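Student: Please find the sequence and the predicted model below.
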Amino acid sequence: MRISYLSKIIQHLDQDLNGKIVVDKILGNFENIGFIKLLFPDAKIIFTQRDPKATAWSSFRINFKNTNIPYSYSFENMKSYASKEISVQRFICFMESL
């Protein structure tokens, strides 16, 4: 899977990575942090917080309908998805406090 993912990035960029840093800002990445760390053990995970309304509007206006981002199709879906992200943020804060 690691090779497949990197191949898709290279194909999308139309150039070799050669030590370049890749930033994948897909909103759903927080659900896959464990898997990402398994595939890329040296990956740096940066969790940013943004106003959920701004995130919803940004995702909705880009129109990801033909992608694997189904929560961006409507504001109601984004609201539900944002509540998941908030739960993850609380969990990360808890883990950092230990």
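Tutor: Noted; the coordinates are in hand.
Student: Flag the shaky bits of this structure, pLDDT-wise.
Tutor: 63-68, 70, 95, 98 (pLDDT under 70).
Student: Where does Tyr81 sit, in terms of helix or strand?
Tutor: helix 75-97 (DSSP states H and E).
Student: and the gap between Val23 and Ser58?
Tutor: 16 Å (C-beta to C-beta, to the nearest Å). Using the backbone N, CA and C atoms, a C-beta is placed for each residue, glycine as well.
Student: Looking only at neighbour counts, state which of those two leads.
Tutor: Remark: of Val23 and Ser58, Ser58 carries more neighbours, 13 against 6, as counted by other C-beta atoms under 10 Å.
Student: which ones are touching Ile62?
Tutor: Counting by C-beta atoms under 8 Å, 6 or more residues apart in numbering, Ile62 makes contact with Ser72.
Student: For stretch 11-20, buried residues please.
Tutor: By neighbour count with 16 or more other C-beta atoms under 10 Å, stretch 11-20 contains no buried residues.
Student: what about that stretch, start to end distance?
Tutor: For stretch 11-20, the first-to-last residue distance is 14 Å (C-alpha to C-alpha, to the nearest Å).
Student: number of nearby residues for the closest residue to Arg2 other than its chain neighbours?
Tutor: In this structure, Arg2 finds its nearest non-sequential neighbour in Leu39, 4.5 Å apart by C-beta to C-beta, 6 or more residues apart in numbering. For Leu39, the neighbour count with other C-beta under 10 Å is 15.
Student: can you tell me which residues contact Leu39?
Tutor: With C-beta under 8 Å, 6+ apart, Leu39 has these contacts: 1-2, 5.
Student: how deep is Trp57 tucked in, by neighbour count?
Tutor: Quick note: Trp57 (other C-beta under 10 Å) scores 13 neighbours.
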